[in-house]
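K.L.:
what follows is a predicted protein model with its sequence.
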Amino acid sequence: MVWCPKYRRKVLVGPIEARLKQIISEGCRGHQAEIEELEVMPDHVHLLVNVDPQFGIHRIIKLIKGRSSRYLRQEFPALKRKLPSLWTNSYCVSTTGGTPLSTIQQYIEQQKHA
């Protein structure tokens, strides 16, 4: 999954980045979704997650985006002033298909250094 802040603003840095990772981890853990890889860039998030198909990927992304927006905007008032809402309405989801997980994990890890 990939999603970004409204207007692709580079607000996911420092303590906001650390707190976002914590919120995502808690949300996934609470819904039996296993995080394979997570990378937060200043203007977008990459998340490789294993979700039960019966639960639905759309439900986990809605939960993560909603929960993180609410908590981050409460804890970091500057976000409320900069953005009318934290996330864009859109997101990108793709299945891994036949690609080995190690290849996708490596790609996500290397995003910070690209």
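P.N.:
Now that the structure is in, tell me what you want to look at.
K.L.:
state the pLDDT value of residue 111.
P.N.:
pLDDT for residue 111: 75.
K.L.:
got a list of what it touches?
P.N.:
Residues near residue 111 by C-beta atoms under 8 Å, 6 or more residues apart in numbering: 39, 41, 46. C-beta: built from backbone N, CA, C; applies to glycine.
K.L.:
of the residues you listed, buried ones?
P.N.:
Buried members of those, scored by 16 or more other C-beta atoms under 10 Å, are 39, 41, 46.
K.L.:
quick one: mean pLDDT for the host helix or strand of the last one?
P.N.:
What that stands for is residue 46. Assigned by DSSP states H and E, residue 46 belongs to strand 44-50. The pLDDT scores in strand 44-50 average 95.
K.L.:
between strand 44-50 and the helix or strand hosting residue 28, find me the angle.
P.N.:
In this structure, residue 28 sits in helix 14-29 according to DSSP H and E. Angle of helix 14-29 versus strand 44-50, following axes from the mean of the first three to the mean of the last three C-alpha atoms, to 10 degrees, is 20 degrees.
K.L.:
check which helices and strands helix 14-29 sits against.
P.N.:
Using 3 or more C-beta pairs under 8 Å, 6 or more residues apart in numbering; DSSP states H and E as the contact test, the elements touching helix 14-29 are strand 34-41, strand 44-50, helix 57-75.
K.L.:
so residue 88 touches residue 43, yeah?
P.N.:
No. Under the criterion of C-beta atoms under 8 Å, residue 88 makes no contact with residue 43, lying 10.8 Å away.
K.L.:
what values do phi and psi take at the residue located most distally from the centre of the chain?
P.N.:
Note on the chain: the largest C-alpha distance from the chain mean falls to residue 98, namely 23.1 Å (C-alpha atoms, centre = their mean). The phi/psi pair for residue 98 (degrees, to the nearest 10) reads phi -90, psi 0.
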